[in-house]
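1. Based on what follows, work out the 3D shape:
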Amino acid sequence: MKHSLETCLERLERTDLVRRLNDPELSYLIRHTLVQETATASLLNQERRRLHRLVGESLESLYPDQPEEYLARLAQHFVAAGDDTKSYTYCYRAGEAELRLSALDEALEHFTLALDAAQRAQLPTLDAFLKRGRVLELRGQFDDALKNYRTMYAYGEQQNDGALQLAALMAQATIQAIPSSVFNIAQSSEASEKALTLARELDDAAAEAKILWNLMLVETRVGTNYIGGIAHGEKSLAIARERNLREQLAYTLNDLAGMYAFVGEPERGKQYNLEARALWREFGNQPMLGDNLNYAVMMHLLAGEYSDAIQTMNESLTITRAIGNAWGEAFAQMWSGTAWLEQGDITKAIQIMKEGIRLGSQSLKATLIFTRADLARLYGDLGRVLQGISLAEQALASADELYPNIRGWSLAALSHLYVLKGDLAVARTYLDSQPTRMEDLNNPRFGIDLIVAQAELALAEKDWTRALDIGGALLEYLRKIKIRQYLPMIMIHVSRAWMAQGQLDQAATVLQEARTLTEDMNARWSWWQVLAAQKELEQQRGNFDAARALTPQARACIAYIISRTPKEFRKSFLQTSQVQNAILPLSYEERGLGG
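-> Numbers count the residues shown, from 1 in each chain. Model (predicted):
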């Protein structure tokens, strides 16, 4: 057969109908598309199938090890040959190879072809359904992914395949437990409970571990129950370790890590995060490695480790951009603008926040709430209060539409902005719309900002006792759970309440702790505000030399920030009352020199 094929090709080449390519493999180019179309049309369907099968089988015999670069070609020929068994094999293997390379369009096509072939040939479909759904998720097509999993469940019912139904339920529960376009806590919980019953009926420990992980996500991703979530997660972790379910171990560790950062065990959280990271690197799972790094960014932020947060974010962006994972790229930038802000680079902070919002509008819609609210707050602090209010209102509208459980982030930003505007009644209206107490902070990620806003508003309303009660309780709580990110701002509020009551020594102690902390964290944004508060304290004490000595330090810090602030915000920032108080020299009266 090989000799006859070569003879025919030589004749075609002499007649100039085909041209042999300069390639180590035997490859030819048809000179004109009309020749190709005529040749193809002249073949009967049955003959075309026979020739495709011959080519596929020839490639199999020539390359018995079937390197990855030939899988797509083998898949093409056996699909055209109508051989469903071999179509499934090579389409699935080609899809896996393309998924490893993050060639998502090609992977989706091959997993879809593999699934079609498996159904026609009555072959197992579980892996093809799941891989196709995963590719759709990575492409940000969450509605299509959910439809895929629901089709999978229906097919499992039709085939009386309990394992297929179980896998489909677990996939539905997972995708609906994350903040995506198909987020639905009620449906995720229902699917998880149904799957848990089925897993125990089938005595499927691996499925049970995954379902417990799903229940952990339901409790914590945009829920309020970290303690309950951790309990589910630790049960999943125990099963995964006992049964050596290494991939499930990586998933459970990955998501448990961030929770421990909120319950006073940040070191345990870091340990889990790093253990999961090593597994993702070993597996070569780039999307989950990016996800793991993004959780680490969040933990670094909570710990006030801003340089580490930026470094980790950059590593995640390198990975997520290389594989075209818009979800992971948005996640990397959802909160990390705060790290740039604290380090004093306003230009970079705004750039990161805007990019996170842009990407999130297409994939991770939580950025439309979190990141918008953070950017709105920053606009207000830069003297653009009305611009900030407009953006914060958009964030609140997105929260009300998408994830009402996390609307507190936007409410806190709006309260802060209206305090800056001097409209305390409106600020109070926003906070009263979602009353939050210290004892309600089961999920501190979505509540701390509201407590800080309450202390700030009480201070603006000159309710010194309430400001001290709220601020003092929050300080105690933050120290207990070892979160440093919010400490400087709440310390400033508490110190000002002490000053208003004439308790200057208490104010001095709190401000000195805040200054030490901000210097340790290299948090320039908080540091200049601490210096401003210290200057105010020394003036109130009558220590004018000490107050005057703080002015050049505050000026130097603000000058650093101004040099890294977009030009359109510099003037408005410098004109804010807090900046003016920090950088202006003392008046004659304040120096004790008279009028």
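2. So Arg450 belongs to a helix, correct?
-> Not Arg; residue 450 is Leu. Yes - residue state for Leu450 (DSSP: H, G, I helix; E, B strand; the rest coil) corresponds to a helix.
3. which residues does it contact?
-> Gly408, Leu411, Ala412, Leu431, Gln434, Thr436 (CB atoms under 8 Å, 6 or more residues apart in numbering). (Each C-beta comes from the backbone N, C-alpha and C, glycine too.)
4. mind listing what the third one touches?
-> Contacts were defined as CB under 8 Å, 6+ apart; by that measure Ala412 touches Ala373, Leu431, Asp449, Leu450, Val452, Ala453.
5. tell me the SS of it?
-> Per three-state DSSP, Ala412 ends up helix.
6. Closest one of the contacts of Leu450 to Glu355?
-> Ala412 (23.0 Å; CB to CB).
7. ok, and the closest non-adjacent residue to the closest one?
-> Asp449 (3.7 Å; CB to CB, 6 or more residues apart in numbering).
8. coming back round to it: flag the least confident of the contacts of Leu450.
-> Across the set of those, Thr436 stands lowest in pLDDT, at 81.
9. picking up where we left off before, want to throw the contacts of Leu450 into TSV with distance to Thr318?
-> Listed next are those as TSV, based on distance: CB to CB, whole Å:
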residue	distance to Thr318
Gly408	33
Leu411	35
Ala412	32
Leu431	40
Gln434	38
Thr436	38
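10. who wins for neighbours among the contacts of Ala412?
-> With neighbours taken as other CB atoms under 10 Å, the top of these is Ala373, carrying 31 neighbours.
11. hang on, isn't that one packed against Leu417?
-> No - using CB atoms under 8 Å, Ala373 is not in contact with Leu417; the gap is 9.8 Å.
12. Can you work out which residues contact both of those two?
-> With CB under 8 Å, 6+ apart as the test, Ala373 and Leu417 both reach Ala392.
13. if I look at the residue nearest to Ala412, how far off is Glu208?
-> For Asp449, the distance to Glu208 equals 36 Å [CB to CB, to the nearest Å].
14. can you list contacts of stretch 64-78?
-> Here stretch 64-78 makes contact (CB under 8 Å, 6+ apart) with 52-53, 55-56, 59-60, 63, 86-87, 89-91, 93-94, 97-98, 106, 110, 113.
15. Just list what the helix or strand Lys147 falls within packs against, helices and strands only.
-> Element membership for Lys147, per DSSP states H and E: helix 142-158. Judged by 3 or more CB pairs under 8 Å, 6 or more residues apart in numbering; DSSP states H and E, the packing partners of helix 142-158 are helix 126-138, helix 162-175.
16. buried residues in that helix?
-> By neighbour count on 16 or more other CB atoms under 10 Å, the buried set for helix 142-158 is Phe142, Asp144, Ala145, Leu146, Asn148, Tyr149, Met152, Tyr153, Tyr155, Gly156.
17. nearest to Glu461, of these?
-> With CB to CB as the yardstick, the closest approach to Glu461 among the buried residues of helix 142-158 comes from Phe142, at 43.8 Å.
18. is it true that that closest one touches Leu136?
-> Yes - counting by CB under 8 Å, Phe142 does reach Leu136; the two are 7.5 Å apart.
19. what about the residue lying closest to Ile448 once chain neighbours are set aside, how many neighbours?
-> Using CB to CB, 6+ apart and skipping residues adjacent in sequence, the residue nearest Ile448 is Tyr486, 5.6 Å away. A total of 20 residues lie near Tyr486 under the criterion other CB under 10 Å.
20. And what about the residue positioned nearest the centre of the chain, helix, strand or coil?
-> Centroid-nearest residue in the chain: Phe331, 2.5 Å away (criterion: CA atoms, centre = their mean). The three-state label given to Phe331 by three-state DSSP is helix.
21. pLDDT at it, what is it?
-> Turning to Phe331, the model gives it a pLDDT of 94.
22. residue contacts, it?
-> Applying CB under 8 Å, 6+ apart to Phe331 gives the contacts Gly290, Asp291, Asn294, Ser316, Thr320, Leu364.
23. doesn't Ser189 fall inside a strand?
-> No - if the criterion is three-state DSSP, then Ser189 is helix and not within a strand.
24. hang on, isn't it packed against Val218?
-> Yes - taking contacts as CB under 8 Å, Ser189 lies within contact range of Val218: 5.3 Å.
25. of those two, who's got more company?
-> Neighbour totals were compared for Ser189 and Val218, and Val218 leads with 26 against 18 (other CB under 10 Å).
26. Tell me the helix or strand right after the helix or strand that one falls within.
-> According to DSSP H and E, Val218 maps onto helix 205-220. Counting by DSSP H and E, the next helix or strand C-terminal to helix 205-220 is helix 226-242.
27. what inclination does that following helix have with respect to helix 205-220?
-> Relative orientation of helix 226-242 versus helix 205-220 (axes from the mean of the first three to the mean of the last three CA atoms, to 10 degrees): 160 degrees.
28. how about the helix or strand just after helix 226-242: buried residues?
-> Downstream of helix 226-242, the first helix or strand assigned by DSSP H and E is helix 246-260. The neighbour-count check on helix 246-260 (16+ other CB under 10 Å) flags 248-260 as buried.
29. Closest one of those residues to Arg445?
-> Gly258 (8.7 Å).
30. and the closest residue to the closest one other than its chain neighbours, what element?
-> Nearest residue to Gly258, sequence neighbours excluded (CB to CB, 6+ apart): Tyr295, at 4.7 Å. Assigned by DSSP H and E, Tyr295 falls within helix 286-302.
31. Trp525 now?
-> Taking DSSP H and E as the definition, one finds Trp525 inside helix 524-541.
32. Now do the same for that helix: mean pLDDT, whole number.
-> Here the average pLDDT along helix 524-541 is 96.
33. Then stretch 446-462?
-> Mean pLDDT, computed over stretch 446-462, is 93.
34. Tell me the buried residues in that stretch?
-> For stretch 446-462, burial by neighbour count (16+ other CB under 10 Å) applies to 446-460.
35. who does the helix holding Trp525 touch, helix- and strand-wise?
-> By 3+ CB pairs under 8 Å, 6+ apart, helix 524-541 packs against helix 337-342, helix 487-500, helix 504-521, helix 544-562, helix 577-583.
36. So which residues make contact with the last one?
-> Applying CB under 8 Å, 6+ apart, the external contacts of helix 577-583 come out as Trp528, Gln529, Leu531, Ala532, Lys535, Glu536, Thr551, Ala554, Arg555, Ile558, Phe573, Leu574.
37. Only the buried residues of that helix, if you could.
-> The neighbour-count check on helix 577-583 (16+ other CB under 10 Å) flags Gln578, Val579, Ala582, Ile583 as buried.
38. again with the third one
-> Buried residues in helix 504-521, defined by neighbour count with 16+ other CB under 10 Å: Leu504, Gln506, Ala507, Ala508, Val510, Leu511, Glu513, Ala514, Arg515, Leu517, Thr518, Met521.
39. ok, the third one - contacts?
-> When contacts are counted by CB under 8 Å, 6+ apart, Ala507 touches Val494, Ser495, Arg496, Trp498, Met499, Leu537.
40. Could you tell me the per-residue confidence at it?
-> On the pLDDT scale, Ala507 gets 97.
41. distance of the closest residue to it other than its chain neighbours from Leu475?
-> Once flanking residues are discounted, Ala507 sits nearest to Trp498: 3.8 Å by CB to CB, 6+ apart. Applying CB to CB, the value for Trp498 to Leu475 is 12 Å.
42. Could you do Ser188 as well?
-> 36 Å.
43. Looking at the two, which is more packed in?
-> When Ser188 and Leu475 are compared for neighbours, Ser188 comes out ahead with 23 against 19, by other CB under 10 Å.
44. between the contacts of Leu450, which is nearest Thr565?
-> The closest of the contacts of Leu450, once distances to Thr565 are taken by CB to CB, is Ala412, at 23.4 Å.
45. related to what we said a few turns ago, could the contacts of Ala507 be laid out in TSV, adding distance to Trp213?
-> Formatted as TSV, the contacts of Ala507 follow (distance: CB to CB, whole Å):
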residue	distance to Trp213
Val494	40
Ser495	44
Arg496	45
Trp498	46
Met499	49
Leu537	50
